[in-house]
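S.K.: I need the structure of the sequence given here:
(one chain, ligands or ions: 1)
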Amino acid sequence: MAKLELQELTGITVEDLMIESEKVAHVQLNNPLEHALLVLVKSGYSVIPVLDHMYRLKGMISKTAILNEVLGMERFEMEKLSELKVSGTMLTDVPVLKKSDTFLTALKAVVNQAFLCVLDDEGYFEGILTRRAILKKMNRYLHEQVHYHPTADKTNV
Ligand code: AMP
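M.R.: Numbers count the residues shown, from 1 in each chain. Down below sits the predicted model:
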């Protein structure tokens, strides 16, 4: 396996590491919360993107937000799941990335987010970048550094 140089790592862009939109579970703005909860539970994710019918990003919806929305005084009012829409419960203020953003920009962004949506200049959804993808690349780079410079693990890494 060829050694991954620092220059090579910093030259990586979001496009190189992202998951393409076709493979990303998402819901639409006007879906009922029931559908969103179904997609979240079936996919195993706790948060997924919300898109409009043109595939533009509108927000994120989480299992926790849905359960909070239907939590009454004494019980979960599950009948509300079919009445309420994703648009009223989703989080709208979400940070995003562009395909051309650098590895270092993405690394900084995933400190506070498990994943970020990747949009084009018009706001169309192109995919997501996960913290896992960034950590995998960092892990490979740091392990190769230790392998090629055995003293590095005692000093810098
Ligand atoms: P991971 O780092 O793979 O655990 O992913 C972090 C988060 O990104 C997950 O908890 C989901 O919220 C989101 N995510 C990852 N992959 C997908 C996907 N294929 N579809 C929708 N959301 C995803």
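S.K.: so where is the protein shaky, pLDDT-wise?
M.R.: Applying pLDDT under 70 to the chain flags the ranges 1-3, 152-157.
S.K.: hey, what's the most centrally placed residue in it bridged with?
M.R.: Among the residues of the chain, Phe115 comes closest to the average C-alpha position under Cα atoms, centre = their mean, at 2.3 Å. For Phe115, the beta-bridge partners are Thr130 (DSSP bridges).
S.K.: ok, now which ones touch it?
M.R.: Val47, Ile128, Leu129, Thr130, Arg131 (Cβ atoms under 8 Å, 6 or more residues apart in numbering). Using the backbone N, CA and C atoms, a C-beta is placed for each residue, glycine as well.
S.K.: most widely separated two among these?
M.R.: Using Cβ to Cβ, the contacts of Phe115 reach their maximum pairwise distance at Val47 and Leu129, which is 13.9 Å.
S.K.: more neighbours: which of these two?
M.R.: Higher neighbour count among Val47 and Leu129: Leu129, with 25 against 17, using other Cβ atoms under 10 Å.
S.K.: show me the contacts for that one.
M.R.: Leu129 touches Val14, Leu17, Met18, Ile19, Leu97, Ala106, Ala109, Val110, Phe115, Leu116, Val118, counting by Cβ under 8 Å, 6+ apart.
S.K.: same thing with His147?
M.R.: His147 neighbours (Cβ under 8 Å, 6+ apart): none.
S.K.: Three-state assignment for it, please.
M.R.: Put simply, His147 is helix when judged by DSSP: H, G, I helix; E, B strand; the rest coil.
S.K.: isn't Ile48 right up against Met60?
M.R.: Yes. Checked against Cβ atoms under 8 Å, the pair Ile48 and Met60 is within contact range at 7.0 Å.
S.K.: ok so, going back, just the contacts of Phe115 that are near the ligand?
M.R.: Checking these against the ligand by Cβ under 6 Å from any ligand atom, the ones in range are Val47, Ile128, Thr130, Arg131.
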